[in-house]
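>>> quick check, what structure comes out for this input:
(2 chains)
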Amino acid sequence: MSQPPFANEPILELRRAPVRDSLIEALSDLDARLPLRVPVLIGDSPGADSGLDSSDPGTPSRAVAQAGSATESDAAAAVEAAERGRRTWASTPAGERAEVLRGAAQRLRERRLELAALQVRECAKPWGEADADVCEAIDYLEYYARAGIELERGRELLQVPGERNTMRYAPRGVAAVISPWNFPLAIPTGMTAAALAAGNTVVLKPAEQSPGSALMLVEALHGAGVPPDALNLLPGFGDAGAALVRDPRVNVIAFTGSSAVGLEILRAAAETPDGQDHVKRVLAEMGGKNCVIVDSDADLDEVVPGVMHSAFTYAGQKCSAAARVLVHEAVHDALLERLTGAIEAIIVGQAEDFSTEVPPVIEREARDRVEGYTRTAREQGRLVGQPADVPADGWFCSPRLAWELPDDSPVVREEIFGPLLAVSRVGSVEEACDVVDSLPFALTGGLFSRSPEMVEYVTRRTPVGNLYVNRGITGAMVARQPFGGNKRSGIGSKAGGPDYLLEFAEPRVVTENTMRHGLVVE
Amino acid sequence: MADQAPPAADLEPEVQRVGRSLAAAFPSGARHPIRNLDTKAMELATEDAQLRSALFRLVDVTPATRSLDDLSGHLRSYLSEVDDRPLPVDTALRMANTRAGRRALGIAAAAGVRHMAHRFIVGETPAAALGTIRAQWKSGVATSLDLLGEATVTQAEADQYAARCRDALETVSADAPHWPSRPELERDSVGPLPRVNVSVKVTALTPLMRPEAPEVGRDDAARRLRPLLRLARDLDAHLHVDMESLDTLEATTELFFELLDEEEFREGPSAGLVLQAYLRESPGQLDRVLDWAGSTQRTPPLVIRLVKGAYWDHEIVEARQHGWRPPVFEAKADCDRNFELLAGRLVEARPAVRMAIGSHNLRSVAYAIASSRAAGAEDRDLELQVLRGLGDELAHALAAHGMRVRSYCPVGDLMAGMAYLVRRLLENTSNESFLQSWREGAELEELLAAP
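Next comes the predicted model:
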């Protein structure tokens, strides 16, 4: 079955007023249906649909979804269903699985306005970001559908007379997918679609802050033909996820989230209790402390918007977001002056306003955490923010810029995941690279330089998974910027790239003797 | 496309006649202007895409380099990426191997870039530009000043830009009364035309321009544009609002209509907007502008400057990266046809609006002149605009024909002017460029052919 070549789903042209109007209408339609009911879904049977509520971070009194809170026994039952379903799904030809995934992509496409509106409400994701998230989800389905077909073909091996060598990839079995709220549709879709495309069955445990988007994904996949047993949904809290990770019948764990939880999963998954006949494979995308290096010859007209957008869009709540700017001393003062002016021009507001760049952060704990780092920054260095007060209702944090911080300040060492950007002066790009190397993380990084030699130097030297040169450092696109970190930022292959499906498959090599009675009988 | 142009067949002989007559009035040597180092560099650049890219990167980085050594280091890196190096380039690369050579190369490169900049930018400040403005006026060419600037990312930068616009209006207005009388530049059949003319960019008047929320940038820019309009009114100067990329078309258009509809601007100043013919949606945009011009209570007629549009590459790349249909015509001939169609509609729309044609394409210019004459209008009812440094010869040919000409004159320092300079260089070395084709010796017949 041949597929048309992959192309990224076009984002909406928000500069057109009628497009914006259609989104406002989708939001009001959605509001009329809130709260959504999100049951635990195990095989054919919906389970509990209460115990977990998600709310609008901009108006915490507004309930967005009322979801079930999966228990440990739900987790066990979900894995059992996935076990039951694995043989059928694994033996479905990759071409057919691809058709199902592409069918799900089409279903998401048809509901894209509603899906974006849901993110605006459930995660306070501004429209442009919410729409891009929906497009990325569609891209993953389309991309991995094709990759699954490619995987089924296996690899070419060296052949000599008298033997036939084949290398094929078999599904690993049951995949536990544990996803975050900051890309509430794209990330669960990516991990789930990859597992399914490679022939695994899935138990999906979405973040407790965003069960609604996860339900929409599961509906699209089931609707397109994924058998009920092959995809189970466990809305719930951390204990449901922990039970999944411990379950000896789980073969692969695909996780995106905080470093603390990721490392915990890696430790738990390393256990091989009696009766577990395999070692679990873990993919973990974790934190970052992403630095943008600014060389002395950089074009500050491009640096300022690039840095501001990377640091503050969606209130800095992206794993790829810029947390630090390392500026060559020759342009440090000029850039700092422009950044401090630019921070006043950032628009803080509700996610549903098209002008908003910094919406509220996801929840109270997140706001308190960011405010804690802000206090530290004020005590240890210099700090500017917006003079205007942020809205009273909702978990708002004022965007802030800190500088003259000591090298060991937690503000420049730890992941904050909020709208607080630290600027440091460096004597050279080489020194900036030393700073990057000293951090445990290596997810994304940026370089603004107009010297081809400097670009080559940083390219060779920096350990980050994704380096962006002379542009912002967020917004990786499927097939264009396969995404994932190195060092303590993550393990496993890059999402949206050519190797990703290999993580969900085990290679099997067969060598057949084709000699019979001294004759080759191929 | 919405409206009908005048029947092309009838116009064609006059278009050809005007075009040939203008071509004959170009100063001799204009077709092969190998006079300067920068022209030579541009010639080399046109022939080789890699060299072209090396030249642009050098021009782009020059103001940000810290020393001559730093500058020649950048030059060496850019040139070493060129596969097929002509002799002068190879010599330059070898020079960069020694310290003294690097210094000499740095000096030469810096001088070359400055020279190029001076060709397109008339002065660092309005006061410094006065000499050129006056000289142009005396030779029969009016001007519009454009304040070049770095990108506006802070409120303070927006204030500075507004202050520079104010300075331009005041400085030129103080000088203008001393200029000699040039009746062909000062009056059309509707009435008097201001001597002082300044073009402003809305994105420079606010750091809050957001394509997906045009009202935010519009309202913030209004705080700074309103005092400029008042000043222009009080000084009897013309204020022209430039058009930039499609991202800001909505905000710019709305801002213009809203402010000028305010009671205090009913009698003045003279003001203008730009229509970009490369936009597929430009016929609809013209409908909208003409509707407004028809409904507004203002007395000074709206000036509409028709141009092809200067953000073609940006629009194409942005659309391709996002998976959108490009908002601009991709084939040059489609754009040229649309330009003529819109020019024809503007001719018909007078005298409710004044029309200005901003093009260096002899065919487009000749078409506008012929079409205006065919409608029975006087030549002074058509303004022809050129860019300083690119269209100077055309300006003089037009002036020699008694046409009303205005030269668009950028003012600012090299740092601020870099983006502008790179765009002009791109335009000047593009193989699609009219000027370039002519320089390369294309036949006049071919250049004047209907698109």
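>>> quick check: residues of chain A near chain B?
A:7-11, A:13-15, A:17, A:20, A:127-128, A:296-301, A:304-305, A:308, A:330-331, A:338, A:341-342, A:344-345, A:347, A:353-355, A:450-453 (C-beta under 8 Å from any C-beta of the partner chain). Bear in mind the C-beta positions are built from the backbone N, C-alpha and C, glycine included.
>>> show me which of those are buried.
The neighbour count (16 or more other C-beta atoms under 10 Å in any protein chain shown) marks A:8-9, A:11, A:13-15, A:20, A:127-128, A:296-301, A:304, A:308, A:330-331, A:338, A:341-342, A:344-345, A:347, A:353-355, A:450-451 as buried among the residues of chain A next to chain B.
>>> so which of these sit within helices?
Using DSSP state H, A:20, A:127-128, A:300-301, A:304, A:308, A:330-331, A:338, A:341-342, A:344 are the members of those that sit in helices.
>>> please report phi then psi for B:Val241.
phi -100, psi 110 (degrees, to the nearest 10).
>>> check it and give its pLDDT.
pLDDT recorded at B:Val241 is 98.
>>> that one and chain A, how far apart?
18 Å (C-beta to the nearest C-beta, to the nearest Å).
>>> so what's that residue closest to, chain neighbours aside?
Nearest residue to B:Val241 in three dimensions, chain neighbours excluded: B:Phe256, at 5.3 Å (C-beta to C-beta, 6 or more residues apart in numbering or on different chains).
>>> then B:Glu348?
Nearest in space to B:Glu348, with sequence neighbours left out and distances taken as C-beta to C-beta, 6+ apart, is B:Ala375 at 6.9 Å.
>>> same deal with A:Leu141?
In space, and not counting its chain neighbours, A:Leu141 is closest to A:Ala105: 3.8 Å by C-beta to C-beta, 6+ apart.
>>> now that neighbour, what's its secondary structure?
Under DSSP: H, G, I helix; E, B strand; the rest coil, A:Ala105 falls in the helix class.
>>> list the contacts for it?
Residues near A:Ala105 by C-beta atoms under 8 Å, 6 or more residues apart in numbering or on different chains: A:Ile138, A:Leu141, A:Glu142, A:Ala145.
>>> tally of neighbours for A:Pro235?
33 (other C-beta atoms under 10 Å in any protein chain shown).
>>> need the residue closest to the centroid of the chain.
As the question left the chain open, I've gone with chain A. Geometric centre of chain A, nearest residue: A:Ile187, 4.2 Å, by C-alpha atoms, centre = their mean.
>>> switch to chain B, please.
Using C-alpha atoms, centre = their mean, the residue of chain B that lies closest to the mean C-alpha position is B:Leu387, 5.1 Å off.
>>> point me to the residue of the stretch 251-400 of chain A nearest chain B.
For the stretch 251-400 of chain A and chain B, the shortest gap (C-beta to the nearest C-beta) falls at A:Gly341, measuring 2.7 Å.
>>> surely that residue and B:Ala158 touch.
No: contact criterion C-beta atoms under 8 Å: A:Gly341 and B:Ala158 do not qualify, at 9.7 Å.
>>> intersection of neighbour lists for the two?
B:Pro207.
>>> OK, contacts around the residue of the stretch 251-400 of chain A closest to chain B?
By C-beta under 8 Å, 6+ apart, the residues touching A:Gly341 are B:Val153, B:Thr154, B:Gln155, B:Ala156, B:Glu157, B:Pro207.
>>> mind giving me the PyMOL select for the residues you listed, buried ones only?
Here is the PyMOL command that picks out the buried ones among these, judged by 16+ other C-beta under 10 Å:
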select buried, chain B and resi 153+154+155+157+207
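>>> OK, contacts around the residue of the stretch 51-200 of chain B found nearest chain A?
The stretch 51-200 of chain B approaches chain A most closely through B:Thr154 (2.7 Å), counting by C-beta to the nearest C-beta. Taking C-beta under 8 Å, 6+ apart, we find B:Thr154 in contact with A:Arg338, A:Gly341, A:Ala342, A:Glu344, A:Ala345, B:Pro207.
>>> strands of the stretch 151-300 of chain A, start to end?
A:163-171, A:174-178, A:201-205, A:231-233, A:252-256, A:281-285, A:290-294 (DSSP state E, counting those that start in this stretch).
>>> pLDDT score for residue 444?
Defaulting to chain A. pLDDT, A:Thr444: 98.
>>> please refer instead to chain B.
Looking at B:Leu444, its pLDDT stands at 88.
>>> list phi and psi for it.
B:Leu444 has phi and psi values of phi -60, psi -40 when expressed as degrees, to the nearest 10.
>>> do B:Phe56 as well
Dihedral pair for B:Phe56: phi -60, psi -40, per degrees, to the nearest 10.
>>> which strands or helices does the strand or helix carrying B:Gly417 pack on?
Per DSSP states H and E, B:Gly417 falls inside helix B:414-429. Helix B:414-429 is packed against helix B:37-47, helix B:49-61, helix B:99-120, helix B:434-439, with contacts defined by 3 or more C-beta pairs under 8 Å, 6 or more residues apart in numbering or on different chains; DSSP states H and E.
>>> give the buried residues for that helix.
Buried residues in helix B:414-429, counted by 16+ other C-beta under 10 Å: B:414, B:416-418, B:420-421, B:423-429.
>>> give me the contacts around that helix.
The contact list for helix B:414-429 (C-beta under 8 Å, 6+ apart) reads A:301, B:42, B:45-46, B:52, B:55-56, B:59-60, B:62-64, B:113-114, B:116-117, B:120-121, B:148-151, B:310, B:313, B:387, B:389-390, B:410, B:412, B:433, B:435-436.
>>> what is the neighbour count of A:Ser54?
By other C-beta under 10 Å, neighbour count at A:Ser54 equals 29.
>>> list the contacts of it.
A:Ala63, A:Val64, A:Ala65, A:Ala67, A:Glu122, A:Glu208, A:Gln209, A:Ser210, A:Pro211, A:Gly212.
>>> let's have these in CSV, adding distance to A:Arg364.
As requested, the contacts of A:Ser54 are exported to CSV (distance: C-beta to C-beta, whole Å):
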residue, distance to A:Arg364
A:Ala63, 16
A:Val64, 16
A:Ala65, 18
A:Ala67, 19
A:Glu122, 16
A:Glu208, 14
A:Gln209, 11
A:Ser210, 16
A:Pro211, 18
A:Gly212, 19
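>>> weed out the non-buried ones from those residues.
Buried subset of the contacts of A:Ser54 (neighbour count, 16+ other C-beta under 10 Å): A:Val64, A:Ala65, A:Ala67, A:Glu122, A:Glu208, A:Gln209, A:Ser210, A:Pro211, A:Gly212.
>>> any idea whether the second one is helix, strand or coil?
Three states are possible here, and by three-state DSSP the one that applies to A:Ala65 is strand.
>>> ok, and the closest non-adjacent residue to it?
According to C-beta to C-beta, 6+ apart, the nearest residue to A:Ala65 is A:Gly212 (3.9 Å).
>>> list the residues that contact the residue of the stretch 1-150 of chain A found nearest chain B.
Of all residues in the stretch 1-150 of chain A, A:Pro10 sits closest to chain B, at 3.0 Å by C-beta to the nearest C-beta. Each residue near A:Pro10 by C-beta under 8 Å, 6+ apart is listed here: A:Cys135, B:His322, B:Gly323, B:Trp324.
>>> from the residues you listed, which land in helices?
Among these, the members falling in helices (DSSP H) are A:Cys135, B:His322.
>>> can you list the contacts of A:Pro10 in CSV and add neighbour count and distance to A:Pro391?
CSV is the format used below for the contacts of A:Pro10 (neighbours: other C-beta atoms under 10 Å in any protein chain shown; distance: C-beta to C-beta, whole Å):
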residue, neighbour count, distance to A:Pro391
A:Cys135, 25, 29
B:His322, 14, 31
B:Gly323, 13, 34
B:Trp324, 14, 33
